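Visitor: here is a sequence with its predicted model. Questions after.
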Amino acid sequence: MGLVSNEIDQDNKENDPVAAIRNGKEVILQAFNWESHKHDWWSNLEKKVPDIAKSGFTSAWLPPATQSFAPEGYLPQNLYSLNSSYGSEHLLKALLNKMKTHKVRAMADIVINHRVGTTQGHGGMYNRYDGIPLAWDERAVTACTGGKGNKSTGDNFNGVPNIDHTQEFVRKDIIDWLRWLRNTIGFQDFRFDFARGYSAKYVKEYIEGVKPIFCVGEYWDSCNYRGSYLEYNQDTHRQRIINWIDDTGQLSAAFDFTTKGILQEAVKGELWRLRDSQGKPPGVMGWWPSRTVTFLDNHDTGSTQAHWPFPSSHIMEGYAYILTHPGIPSVFYDHFYDWGSPIHDEIVKLIDIRKLQGIHSRSPINILEAQPNLYAANIGDKISMKIGDGSWSPPGKEWTLATSGHRYAVWKK
């Protein structure tokens, strides 16, 4: 199927940071993994842009594009240098132009919780930024991480100077830099790295000042475990993510780490977990689907880091769940491009069905079964689906099988 264009007038989207959220039709590709910096990445992705577009993705999240102390990009130093281990500024711009031509938005990975210094300052720490753009002094670094700034407004990212967002000069410089990424370089969407590290009210200020089309934050903390056993009730976990979204003025979505944690246990024969005590989906998706980005794995949880991986033999059950359900689904590069063409094609088929049946982030859901080996749901009365070993099909002659695979099936009306 060809690219389904967004139905919102582009001019409106350019000036309204929640137009894409309201539309609810986003499907995101995380377009890298932890090893991508070793593989001439901007050039590699440029070749894949036509397939990314044809597959139905509206936005591709790219790795951090700025010069960094670590090759993966998460220890930035000179924010205005776009020559990174992923490729040169020239190759990045070629990729962004290709994406623009194919109507796939580029999502920048915004790493503004911390920044590696260039020069020793207060206390002998590398907490000054002399000799590069944004030549901040020690006031830009939080007191908790060796600077002369104020106490952090969030959790510390240890081992590196953390940026003090309470400083007006810091926020002004960050807004100018984000505007440069947005208006000059051509990134249209933002992903905020380590969003636990600073108050969400600053994310709100940055979004209001720059007006990206779509934003998502990484608010990641641990689910509720009893030893190694995941508790059934994850309401306190999802509430913390909800609070973060609220504090951004509802301008940003957030990754649904709650759903990820529950789903990767549920597919191992505990599918009863997928219905909460109110009969709703048990993650952030069940409470605030329009601000929820669902996913199975990313460069931290999966890839070669594998901090919290989704069970590999259940990947398609996972995608059958998130690609038919409310929320904003995101697909991981490895699953889409490195796990073989059958999985690539099965994921594309699910995206096609989602779009053809008009499923969006707010589509209503009715959970019909949540047993150990069977989960079934009706989404918007346009799709029925099941995952697990249990036998099930939707009642009524109007349903036809749209696709099926190992331990999943999807029907459409």
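Guide: That came through, no problem. In this text, all values refer to a predicted model and were calculated from it rather than measured experimentally.

Visitor: going by C-alpha atoms from here, please, whenever you check contacts or count neighbours.
Guide: Will do.

Visitor: for the residue nearest the centre of the chain, grab phi and psi.
Guide: A centroid search over the chain (Cα atoms, centre = their mean) returns Phe255, at 5.2 Å, as the residue closest to the centre. Main-chain dihedrals, Phe255, degrees, to the nearest 10: phi -70, psi 140.

Visitor: if I look at the closest residue to it other than its chain neighbours, how far off is Ala254?
Guide: Spatial nearest neighbour of Phe255, chain neighbours left out: Val293 (4.6 Å); criterion: Cα to Cα, 6 or more residues apart in numbering. Distance, Val293 to Ala254, by Cα to Cα, to the nearest Å: 6 Å.

Visitor: how about the strands in the stretch 251-400 of the chain?
Guide: Under the criterion DSSP state E, counting those that start in this stretch, the stretch 251-400 of the chain contains strands at 253-255, 292-294, 328-332, 365-371, 374-379, 383-387, 400-405.

Visitor: quick check: which of these is buried the most?
Guide: Highest mean neighbour count of those: strand 292-294, a mean of 29 (counted as mean count of other Cα atoms under 10 Å).

Visitor: return the distance of that one from the chain's centre.
Guide: 7 Å (Cα atoms, centre = their mean, to the nearest Å).

Visitor: now that strand: average pLDDT?
Guide: Strand 292-294 shows a mean pLDDT of 98 in the predicted model.

Visitor: re the thing from before, surely the residue nearest to the centre of the chain and Val216 touch.
Guide: Yes: at 6.7 Å, Phe255 counts as touching Val216 under the criterion of Cα atoms under 8 Å.

Visitor: which neighbours do those two share?
Guide: Val293 (Cα atoms under 8 Å, 6 or more residues apart in numbering).

Visitor: now do the nearest residue to Leu251 once chain neighbours are set aside, the pLDDT please.
Guide: Counting by Cα to Cα, 6+ apart, Leu251 lies nearest to Val18, which is 6.1 Å off, once chain neighbours are set aside. As predicted, Val18 sits at a pLDDT of 86.

Visitor: can you give me the neighbour number for Val18?
Guide: Val18 is flanked by 21 other residues according to other Cα atoms under 10 Å.

Visitor: residue contacts, it?
Guide: Applying Cα under 8 Å, 6+ apart, the residues near Val18 are 213-214, 251.

Visitor: what's the answer for Pro372, then?
Guide: 266, 269-272.

Visitor: what is the nearest of those to Tyr333?
Guide: Of all the contacts of Pro372, Tyr333 sits closest to Ala266, with 22.9 Å by Cα to Cα.

Visitor: now the closest residue to that closest one other than its chain neighbours: how far from Glu369?
Guide: Leaving aside its sequence neighbours, Ala266 sits nearest to Arg273 (Cα to Cα, 6+ apart; 5.8 Å). Between Arg273 and Glu369 the distance is 11 Å, computed by Cα to Cα.

Visitor: sorry, back to before: for the contacts of Val18, which one is nearest Cys223?
Guide: Nearest member of those to Cys223, counting by Cα to Cα, is Leu251, at 24.3 Å.

Visitor: my guess is that closest one meets Gly217, correct?
Guide: No: counting by Cα under 8 Å, Leu251 does not reach Gly217; the two are 10.4 Å apart.

Visitor: tell me which of those two has more neighbours.
Guide: Gly217 (27 against 23).

Visitor: quick one: which helix or strand includes Ile52?
Guide: Element membership of Ile52, judged by DSSP states H and E, is helix 41-54.

Visitor: which parts of the stretch 101-250 of the chain are strands?
Guide: Here the stretch 101-250 of the chain has its strands, by DSSP E, counting those that start in this stretch, at 105-110, 119-120, 126-128, 189-192, 214-217, 225-226, 229-230.

Visitor: okay if I get those as a markdown table plus mean pLDDT and distance to Pro394?
Guide: What follows is these, written out as a markdown table (pLDDT from 0 to 100; distance: least, Cα to Cα, whole Å):
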| stretch | mean pLDDT | distance to Pro394 |
| --- | --- | --- |
| strand 105-110 | 98 | 37 |
| strand 119-120 | 97 | 65 |
| strand 126-128 | 96 | 61 |
| strand 189-192 | 98 | 38 |
| strand 214-217 | 98 | 35 |
| strand 225-226 | 97 | 35 |
| strand 229-230 | 98 | 30 |
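
Visitor: in JSON lines: the ones you listed, plus distance to Lys413.
Guide: Formatted as JSON lines, the strands of the stretch 101-250 of the chain follow (distance: least, Cα to Cα, whole Å):
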{"stretch": "strand 105-110", "distance to Lys413": "31"}
{"stretch": "strand 119-120", "distance to Lys413": "64"}
{"stretch": "strand 126-128", "distance to Lys413": "60"}
{"stretch": "strand 189-192", "distance to Lys413": "34"}
{"stretch": "strand 214-217", "distance to Lys413": "31"}
{"stretch": "strand 225-226", "distance to Lys413": "40"}
{"stretch": "strand 229-230", "distance to Lys413": "36"}
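
Visitor: and Phe32, which of the ones you listed is closest to it?
Guide: Going by Cα to Cα, the one of the strands of the stretch 101-250 of the chain nearest Phe32 is strand 105-110, 11.1 Å.

Visitor: helix 41-54 and that closest one, what's the angle between them?
Guide: 140 degrees (axes from the mean of the first three to the mean of the last three Cα atoms, to 10 degrees).

Visitor: roughly how far is stretch 44-61 from the heart of the chain?
Guide: 16 Å.

Visitor: touching, Gly123 and Lys148? I think so.
Guide: No: with contacts counted by Cα under 8 Å, Gly123 stays clear of Lys148, the gap being 9.8 Å.

Visitor: more crowded one of these two?
Guide: For Gly123 versus Lys148, the count of surrounding residues by other Cα under 10 Å is larger for Lys148: 19 against 11.
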